[in-house]
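A.B. asks: build me a model from this:
(2 chains)
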Amino acid sequence: MGHKTFDRGIHPAYYKELTAAKKVEQAALPKTVIIPLQQHAGAACAPLVKKGDAVQEGQKIADVQAFVSAPIHSSINGKVKDIELASHPGGTRVMSIVIEGDGTTREWKAEGSADLNAITPDMLREIIREAGIVGMGGAAFPTSVKLAPPKGKAIDTILLNGCECEPFLTADHRIMLEEPEKVVWGLKALMKATGAANGIIGIEENKPDAIEALKKAIGGGNIKLVILEAKYPQGAEKMLIKAGLGRKVPPGKLPLDVGVVVNNVGTAAAIYDAVVYKKPLIERIVTISGNGVREPRNLRVRIGTSFEEVLNQCGGLNGTGETEVLNGGPMMGIAQSTLAVPVIKGTSGITVISAASIKSNNYDPCIKCASCVSACPMGLMPYRLGDYGKAAMTADFKAWDALSCIECGCCSYVCPAKRPLLQWIRLGKYRLRKEAQKAAAK
Amino acid sequence: MSGSLIISAVSMGGLGAALALFLAYADKKFTIEEDPRIEAIMGALPNTNCGGCGYPGCRMLAEALMKGDAPPTACVAGGSDTANKLAGVLGVEAGSVKRTIAVVLCKGGHAEAERRATYKGELSCTASNLTGGDKGCTYGCLGYGECVEACKFDAMSMNDNGLPVVFYDKCVGCGACAKACPRDIIEMHPEDHKLFVYCKSKDKGAQAKKVCSVSCIACSLCVKDCSVPGGIAVKDNLATVNYAVAPQNDESTKRCPTKCIAYGIEGQNTKASFKASSKRAG
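C.D. replies: So this is what the prediction gives:
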């Protein structure tokens, strides 16, 4: 207690003990990988290879000219088997490059210099873009775009996000514990790329071992470690800025507008690999946890490995019946309808909930208790937004500021009537997008 | 006694008469001039406000009809009867109205389509579609009945196989169901279209067949059997009828391995026949 935090929010059960003490292990080399052309926020990539082409681990296989985008690289040595529509953990099906591996791997050696004085900010941004680095926390926003602020906007602080407030997940925790030097180096690189004078790492109090490790790695200088209260959604960009810096991002604005760029600790570590090892983003740490999987683990998984293959390395599913498999954690994760979906750049975890723990989808009428209002970190009225979203009242939905919703799910979590408020809000947002598309088509 | 009776009768009567005169004057003085035809047009329209014409409601359409912005055939729900009545009121030629009917182009119900997961969220098609749906086929009917909810003419119902059925005797062709469907499975067709491909899957044949036993597998047999070249074409792994040229008969349907192309099965369902055949209808 007594640590810095934001207003409202919730304290869910974290279940981090399942994997927090488990070292990150290398997952087995997959025989086949399915690499979707859309793994980031922004424009989808176009393939640079065709069916039958031989590809090398780390080779760029897809890219696009759009500003908000990130190229995609092959995660294994092998041959392009097909380019086809395949299931994507986001729920839809997208064009994906299927690569059949030849069983060999490439060894990545330290080729580049770790001396930041030898690299210019432009070079850094170019390396980050070419390595296909996106936000590793889950939203997968291309990192190079964040580092190129529009003219007239200065960045004074880089805020590294080590909160990992989502229950079950421990991927960021393990990175901070096992590779704190990489994280701190990545933060310095981000500061160099943007010209920011200050660096802050925000971390929740419930990771004392990682706090110690980071303290040692930081040493001194202009980087500060800020210890925050363990509360959900502490790791949401706007909440983190409020807690760590005391600045409030106005509705509809970006962290940039208050001089801050927020990056995940995993992203910082990936930048180190990209600069020093010249290794693009072809694998990431994934926490596989939950009571529906036999042996919860933290694994370093190659992008494109199917959920099924990953789960099999964790002893497989626990028990029978309808198991719920989520891409991400239980608060913001998306339930999957097939295990054929691949791990993508934004997959921070796979949470498996056993049949016995799945609640029914029955809900009761709203009793206007306002629990959701007291929980909403954005200060919205979720009960209203939910109704508007469900009833397709898009004008009211927008007027009550639905677009400020960060989809953290606090409202659904606290609702005593078990109303699926977040799902209705997502439905409303989808309808708004559709309407906008229709208007644009006219 | 009788004096007070008379006084009250006269005063009340006088008050009533004075107010009546005032109201009569106000009615004349503040009357809103309205084209008398509006009333007549409204009388000829169905007044269901279905929105099928593209106007927000019948009143708006009536105003557009009077200004000449809309043809007498604009009311899709009313059909040719309404068009004739409207033409009479407006004093123009009715023109010919082709009745349009909603056609559900998916036959993959519970029995035919693979279900790869159990969906546990909000029971609506759009919400379920956001998660990719629970069926193996990502093009087929989701089965939560948003089209049935959208129908204001009691012309649709979900059958025991989890698919929507259009009642031929009730459908007015307003198109509300087609707009409600998040996967665009329902199409509006003129009554004389009888040949349909009952599938929307753009999956390759093997994949389509794996997840649904009545899917189009793009084998092109119907294309070959069609007597008019270009009548049917396979586009994106899906057979597509070109209604401008395709002959409306069953020649192209006979060799279809999955029976997803069919002739003349629309128009068989009426509300009565559905009630008789369905366990669910009550």
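A.B. asks: tell me which parts of chain B are close to chain A?
C.D. replies: Within chain B, the positions lying close to chain A (C-beta under 8 Å from any C-beta of the partner chain) are B:116-124, B:126-127, B:130-134, B:138, B:203-204. Heads up, the C-betas are built off the backbone N, CA and C, glycines and all.
A.B. asks: show me the shaky parts of the chain.
C.D. replies: In the absence of a named chain, chain A is used. Along chain A, segments meeting pLDDT under 70 span A:1.
A.B. asks: wait, chain B
C.D. replies: Counting by pLDDT under 70, chain B shows low-confidence ranges at B:1, B:94-97, B:279-282.
A.B. asks: show me it divided up by domain.
C.D. replies: Under the assignment automatic domain parsing, the domains of chain B span B:36-90, B:100-191+B:265-282, B:195-263.
A.B. asks: so which of those gets nearest A:Gly244?
C.D. replies: Closest to A:Gly244 of those, according to C-beta to C-beta: domain B:100-191+B:265-282, at 33.1 Å.
A.B. asks: who does the closest residue to A:Cys45 other than its chain neighbours bridge with?
C.D. replies: Excluding its sequence neighbours, the residue lying closest to A:Cys45 (C-beta to C-beta, 6 or more residues apart in numbering or on different chains) is A:Ala62, at 3.7 Å. A:Ala62 forms beta bridges with A:Pro47, A:Ile72, as assigned by DSSP bridges.
A.B. asks: burial of A:Ala62, as a residue count?
C.D. replies: If you count neighbours by other C-beta atoms under 10 Å in any protein chain shown, A:Ala62 ends up with 26.
A.B. asks: in this structure it contacts A:Leu48, no?
C.D. replies: Yes. Counting by C-beta atoms under 8 Å, A:Ala62 does reach A:Leu48; the two are 5.8 Å apart.
A.B. asks: before we move on, back to that, what's near enough to touch the residue nearest to A:Cys45?
C.D. replies: Residues in contact with A:Ala62, defined by C-beta atoms under 8 Å, 6 or more residues apart in numbering or on different chains, are A:Ile35, A:Leu37, A:Cys45, A:Ala46, A:Pro47, A:Leu48, A:Val49, A:Pro71, A:Ile72, A:Ile97.
A.B. asks: tell me the two of the residues you listed that are most distant?
C.D. replies: Of all pairs drawn from these, the one with the longest distance (C-beta to C-beta) is A:Ile35 and A:Ala46, at 13.3 Å.
A.B. asks: those two: who's more crowded?
C.D. replies: Legend: neighbour count by other C-beta under 10 Å for A:Ile35 and A:Ala46, higher for A:Ile35 (30 against 11).
A.B. asks: got the contact list for the helix ranked longest in chain A?
C.D. replies: For chain A, the helix that runs over the most residues, judged by DSSP state H, is helix A:421-441. By C-beta under 8 Å, 6+ apart, the surrounding residues in contact with helix A:421-441 are A:372, A:382-383, A:385-390, A:392, A:394, A:397-398, A:402-403, A:405, A:407, A:409, A:411-412, A:415, B:121-122, B:124, B:126-127, B:130.
A.B. asks: over to stretch A:220-231?
C.D. replies: A:1, A:3-6, A:9-11, A:14, A:163, A:165, A:184, A:187-188, A:191, A:197-206, A:211, A:214-215, A:218, A:234, A:240, A:243-244.
A.B. asks: equivalent analysis for stretch A:114-129, please.
C.D. replies: Contact with stretch A:114-129 is made by A:70-71, A:113, A:142-144, A:147-148, A:185, A:188-189, A:192-195, A:271-272, A:274-276, as judged by C-beta under 8 Å, 6+ apart.
A.B. asks: now for the closest residue to B:Val223 other than its chain neighbours, how many residues are close by?
C.D. replies: In space, and not counting its chain neighbours, B:Val223 is closest to B:Ile232: 5.0 Å by C-beta to C-beta, 6+ apart. Using other C-beta under 10 Å, B:Ile232 has 23 neighbouring residues.
A.B. asks: residues in contact with B:Ile232?
C.D. replies: Contacts of B:Ile232 (C-beta under 8 Å, 6+ apart): B:Val197, B:Cys222, B:Val223, B:Cys226, B:Ala239, B:Thr240, B:Val241, B:Asn242, B:Ala246, B:Ser252, B:Ile261.
A.B. asks: so what's it bridging to?
C.D. replies: Here B:Ile232, judged by DSSP bridges, has bridge partners B:Val241.
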